[in-house]
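1. after the sequence you'll find the predicted model.
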Amino acid sequence: QLQFVESGGGLVQPGGSLRLSCTTSGFTLGYRSIGWFRQAPGQEREGVSCIAGGGPNTVYIAYIDAVKGRFTTSRDGAKNTMYLQMNNLKPEDTAIYYCAAAEGYTCNFNPQSYGFWGQGTQVTVSS
């Protein structure tokens, strides 16, 4: 059974930073596509970043344009943990952030491709 434990959300001022963590169990990180998604009130869930599967040495990572240059996603296979480092946060980044794993190994931003989800962690960017 796949399980996820998220942490790291909170309240931060514009321009600040947060790091989200997602510790997984029940599968080997690296052999499934994994991703970070977010959902703001009244909006659909959107992909933020993803790392392709295909083995622990796979380095393909993708970001949506809105976060490029500000967010960095990574994984630590030894800890079975994925991370989302968020810098220069903006009020429009405010949302519940979810980690997710897909059945396959293709990196994409379609939520329907991801069958396994964390519980979500709130990120609020406000002065």
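-> Received it, and whenever you're ready, just let me know what you need.

2. show me where the chain has its strands.
-> Assigned by DSSP state E, the strands in the chain fall at 3-7, 10-12, 18-25, 34-39, 46-51, 61-63, 71-76, 81-86, 95-102, 114-117, 121-125.

3. redo the ones you listed as a markdown table? Include distance to residue 108, mean pLDDT and mean neighbour count.
-> All C-beta spots, glycine's among them, are computed from the backbone N, C-alpha and C. Listed next are the strands of the chain as a markdown table, based on distance: least, C-beta to C-beta, whole Å; pLDDT from 0 to 100; neighbours: other C-beta atoms under 10 Å:
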| stretch | distance to residue 108 | mean pLDDT | mean neighbour count |
| --- | --- | --- | --- |
| strand 3-7 | 19 | 91 | 16 |
| strand 10-12 | 28 | 98 | 14 |
| strand 18-25 | 18 | 94 | 19 |
| strand 34-39 | 8 | 96 | 24 |
| strand 46-51 | 7 | 96 | 22 |
| strand 61-63 | 8 | 95 | 16 |
| strand 71-76 | 14 | 93 | 17 |
| strand 81-86 | 16 | 96 | 21 |
| strand 95-102 | 8 | 96 | 23 |
| strand 114-117 | 9 | 92 | 18 |
| strand 121-125 | 22 | 98 | 18 |
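
4. gap between the residue most central in space within the chain and residue 1?
-> With distances taken as C-alpha atoms, centre = their mean, residue 36 lies nearest the centre of the chain, 2.1 Å away. Residue 36 is 21 Å from residue 1, where distance means C-beta to C-beta, to the nearest Å.

5. do the same with residue 90
-> 36 Å.

6. and for residue 100?
-> The value you get for residue 100 to residue 1, if C-beta to C-beta is used, is 15 Å.

7. so the residue nearest to the centre of the chain touches residue 96, yeah?
-> No. At 11.3 Å, residue 36 and residue 96 do not qualify as touching, with contact defined as C-beta atoms under 8 Å.

8. wait, doesn't residue 111 sit right on residue 50?
-> No. Under the criterion of C-beta under 8 Å, residue 111 makes no contact with residue 50, lying 11.1 Å away.
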